[in-house]
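A.B. asks: structural data only, the sequence is not supplied:
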């Protein structure tokens, strides 16, 4: 059984991703660590606990982590997810306690404890970078990181060069890329036009007869409206669940490329761009997912949502 930490900013699509992993019996989530990103950490730790309650299985502890990027101002993404990150319709309520201690300390402790630990990052890499800076020896034991972030063809990124999860704290991403931990990136453009919940999918989720299916649709209603208003697309985009599905569901990943990668941190114009060198003589530190199966992704999502 695979063993994970999920590190997240806990916006609406992150919550779907967490529910996927928590309901998948092929893995164990040891902890959920929350980082500043689309939401402030104070809101993110509520939403992460909501995900644990909705998943209705194992209840890993949720820990609060870094409240801002390493060196830059924190810029949230609430316009796409609502002020509470779950569409502002009263879903962001929880009775679960918050885990004691700081997320970064827990990441280091779990890395020291297990030889098979993997980390799924669904937001910025600030928590992971801080853990590396505090205890690089422990973090070198991490088997791998699966990250939703970056782009290589750049459709609708936050800037002409960068996707939000990377752009919000590019320095952290570059620290991770230089750490020696293997990273698998599931970039925005591999998900674009593929990992989306359309009207037909929403009807199937509502018809599956579980609170989980209903919750996924309702919690992402703000993101649906954002996509309609911004792009004219009647869909709920699901990049973060794509990362979890890529890690856990056979057949979701169709194509990958191996490369050496670094993240641009010096140029204001290029800040947050991940530079992929496919022919580098330097050690390849990244597996880049370039194509995923929308059909397999949706099958997996519906299977998870329908579980009683």
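C.D. replies: Here it is on my side, so go on. Computed from a prediction, not measured in an experiment: that's the story for all the values here. Numbering: from 1, shown residues only.
A.B. asks: could you pull out the strands for the stretch 101-250 of the chain?
C.D. replies: According to DSSP state E, counting those that start in this stretch, the stretch 101-250 of the chain carries its strands in the segments 117-121, 144-148, 183-186, 196-197, 236-237.
A.B. asks: by contact count, what packs against the first one?
C.D. replies: The reference is to strand 117-121. Helices and strands touching strand 117-121, as assessed by 3 or more C-beta pairs under 8 Å, 6 or more residues apart in numbering; DSSP states H and E, comprise strand 2-8, helix 103-113, strand 144-148, helix 239-248. Quick note: C-beta positions are derived from backbone N, CA and C, even for glycine.
A.B. asks: now, of these, which is deepest in the fold?
C.D. replies: Highest mean neighbour count of the helices and strands packed on strand 117-121: helix 239-248, a mean of 28 (counted as mean count of other C-beta atoms under 10 Å).
A.B. asks: orientation of it relative to strand 2-8 in degrees?
C.D. replies: Interaxial angle of helix 239-248 relative to strand 2-8 (axes from the mean of the first three to the mean of the last three C-alpha atoms, to 10 degrees): 170 degrees.
A.B. asks: now helix 239-248: mean pLDDT?
C.D. replies: Helix 239-248 shows a mean pLDDT of 96.
A.B. asks: what packs against it?
C.D. replies: So helix 239-248, by 3+ C-beta pairs under 8 Å, 6+ apart, packs with strand 2-8, helix 12-23, strand 117-121, strand 144-148, strand 183-186, helix 188-191, strand 286-292, helix 294-306.
A.B. asks: want to try JSON lines for these, with mean pLDDT as columns?
C.D. replies: Formatted as JSON lines, the helices and strands packed on helix 239-248 follow (pLDDT from 0 to 100):
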{"stretch": "strand 2-8", "mean pLDDT": "98"}
{"stretch": "helix 12-23", "mean pLDDT": "97"}
{"stretch": "strand 117-121", "mean pLDDT": "98"}
{"stretch": "strand 144-148", "mean pLDDT": "98"}
{"stretch": "strand 183-186", "mean pLDDT": "98"}
{"stretch": "helix 188-191", "mean pLDDT": "90"}
{"stretch": "strand 286-292", "mean pLDDT": "96"}
{"stretch": "helix 294-306", "mean pLDDT": "96"}
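A.B. asks: can you redo the ones you listed as CSV with distance to residue 99?
C.D. replies: Below are these laid out as CSV (distance: least, C-beta to C-beta, whole Å):
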stretch, distance to residue 99
strand 2-8, 12
helix 12-23, 14
strand 117-121, 16
strand 144-148, 21
strand 183-186, 26
helix 188-191, 30
strand 286-292, 30
helix 294-306, 24
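A.B. asks: so which of those gets nearest residue 84?
C.D. replies: Proximity to residue 84 (C-beta to C-beta) singles out helix 12-23 among the helices and strands packed on helix 239-248, at 9.5 Å.
A.B. asks: what's the neighbour count on residue 267?
C.D. replies: By other C-beta atoms under 10 Å, 10 other residues sit near residue 267.
A.B. asks: look up which helix or strand it falls in, please.
C.D. replies: Using DSSP states H and E, residue 267 sits in no helix or strand.
A.B. asks: ramachandran coordinates for it?
C.D. replies: The phi/psi pair for residue 267 (degrees, to the nearest 10) reads phi -90, psi 130.
A.B. asks: in the protein, which strand is the longest?
C.D. replies: Assignment by DSSP state E gives strand 253-263 as the longest strand of the chain.
A.B. asks: so which elements touch whichever helix or strand comes after it?
C.D. replies: Where DSSP H and E defines the elements, the next helix or strand beyond strand 253-263 is strand 274-277. Contacts defined by 3+ C-beta pairs under 8 Å, 6+ apart place strand 274-277 against strand 253-263.
A.B. asks: contact partners of the strand it packs on?
C.D. replies: Outside strand 253-263, the residues that touch it by C-beta atoms under 8 Å, 6 or more residues apart in numbering are 166, 170-171, 173-174, 177-178, 183-185, 246, 272-278, 280, 282-293.
A.B. asks: can you tell me which of the residues you listed are buried?
C.D. replies: Among those, those classed as buried by 16 or more other C-beta atoms under 10 Å are 166, 170-171, 173-174, 177, 183-185, 246, 272-274, 276, 284-290, 292-293.
A.B. asks: please pull out the lowest mean pLDDT helix or strand from this protein.
C.D. replies: In the chain, the helix or strand scored least confidently by mean pLDDT, DSSP states H and E is helix 78-81, which has a mean of 83.
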